[in-house]
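# Pasting a predicted model and its sequence here:
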Amino acid sequence: MVLIDGKATANQIKNEIAEEVKAIKSKGERAPHLAAVLVGNDGASLTYVGSKVRSCEKVGFDSSLIRLPEETTEAELLAKIAELNQDDTLDGYIVQLPLPKHIDEEKVLLAIDPKKDVDGFHPSNFGRMALELETFIPATPFGIMQLIERYDIDTQGKHVVVIGRSHIVGRPISILMSQKGAYGNATVTVAHSRTKDLKALTQQADIIVSALGVPGFVTAEMVKDGVVIIDVGITRVEDASKEKGYYITGDVDFDSVAPKASYITPVPGGVGPMTIAMLLKNTLLARKWNS
Ligand code: NAD
């Protein structure tokens, strides 16, 4: 069994990005610049945005954190987005989700200039991805594809079962793995909350990508020997015995499934660290494509 080390792979990608940034700067050009917009004071969002900004500094990017109060109106946020779209010193930006309930997320995502949409959530970028055109691929599925590629996992003609159909993970990874290419060409089944007899499907799967957010959901009897397991789930489980009062776990019952797997991602330390690395990669691509 090979334990897929997402942390080491993410660090390797960040080092590669840092080298490219050095080369850009040595030509006298400005560094890539990523901005993050955070509305309100949600604790988890603050943590995510903070670590995105810190990662920018590590690879030599410029970064801006734009914090707006919880009571910001939709019109005010849209005005800020129009301003960011016009800012020539900015290569890409993200609007941290979830937004406060009085703001229509869809309207906001549609307002982002697709050329600066480094999250890859704009319909035009999502459409380009589905049509196999050059674009920003959403960071988490992009990270999964990088792990598969860098660990040289064979996907040709394999049966992939994706559990979950969200717009940020399940749906895009199902599209990417079924596309033509060295790490595509898989036959993909997308399972979701209405799927009947999921176990019968997962038992046939060569590769399982689990993105539903239920701890211990994928158990040993659901998988065959030699399966590749990509566990995207991240759930905080309260536990008074831990220093932080909780621990982080994935969707897969790691202890029982790992002995049957050929490759498996741990949680934490698997897909999670890749997400920020791929956001940085998209920002570097934005710098190249928009200059
Ligand atoms: P979501 O929470 O929006 O949706 C869950 C999906 O699971 C739905 O499509 C639903 O149909 C499916 N589902 C629910 N119950 C099911 C069942 N019994 N059988 C089959 N399918 C079922 O999905 P999301 O936003 O992709 O998040 C999924 C998990 O991945 C969460 O734990 C989230 O925290 C995590 N996540 C991790 C990263 C990362 O960087 N590693 C990024 C995004 C999300």
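Here it is on my side, so go on.

# Local confidence estimate at residue 44?
pLDDT, residue 44: 86.

# Secondary structure of it: a helix, I assume?
Yes - Residue 44 forms part of a helix when assessed by DSSP: H, G, I helix; E, B strand; the rest coil.

# let's number from 39 now, not from 1
All set: I'll call the first residue 39, so the last point we hit is now residue 82.

# Whatever residue of the stretch 189-329 of the chain ends up closest to the ligand: how many residues sit nearby?
Relative to the ligand, the nearest point of the stretch 189-329 of the chain is residue 251 (2.9 Å; CB to the nearest ligand atom). Just so you know, the C-beta spots here come from the backbone N, C-alpha and C atoms, and that holds for glycine as well. The tally of other residues near residue 251 (other CB atoms under 10 Å) stands at 15.

# Also residue 275?
11.

# One more: residue 141?
Around residue 141 there are 19 residues (other CB under 10 Å).

# Make sure it is indeed in a helix.
No - under three-state DSSP, residue 141 falls outside any helix and is assigned coil.

# Please report the distance of the nearest residue to it once chain neighbours are set aside from the ligand.
Using CB to CB, 6 or more residues apart in numbering and skipping the chain neighbours, the partner closest in space to residue 141 is residue 112 (4.7 Å). From residue 112 over to the ligand the distance is 22 Å, taken as CB to the nearest ligand atom, to the nearest Å.

# what's around residue 112, how many residues?
Neighbour tally, residue 112, other CB under 10 Å: 15.

# Same question for residue 306.
Counted with other CB under 10 Å, residue 306 comes out at 15.

# Over to residue 86?
By other CB under 10 Å, 18 other residues sit near residue 86.

# isn't it right up against residue 132?
No - the criterion here is CB atoms under 8 Å, and residue 86 misses it with residue 132 at 9.8 Å.

# quick one, what contacts residue 312?
Neighbour list for residue 312: 44, 47-48, 51, 177-178, 180-182, 184-185 [criterion: CB atoms under 8 Å, 6 or more residues apart in numbering].

# Top of these by number of neighbours, please.
Neighbour counts for the contacts of residue 312, by other CB under 10 Å, peak at residue 181, which reaches 29 neighbours.

# Correct me if wrong, but that residue is in a strand.
No - the assignment for residue 181, made by three-state DSSP, is helix rather than a strand.

# what residues are up against residue 44?
181, 185, 303-304, 307-312.

# For the ligand, see how far away it is.
Residue 44 is 9 Å from the ligand, by CB to the nearest ligand atom.

# and that residue, backbone torsions?
Residue 44 has phi and psi values of phi -70, psi -30 when expressed as degrees, to the nearest 10.

# try residue 117
Dihedral angles for residue 117 - degrees, to the nearest 10 - are phi -70, psi -40.

# what about it, how many residues close to it?
12.

# need the contact list for it.
Residue 117 neighbours (CB under 8 Å, 6+ apart): none.
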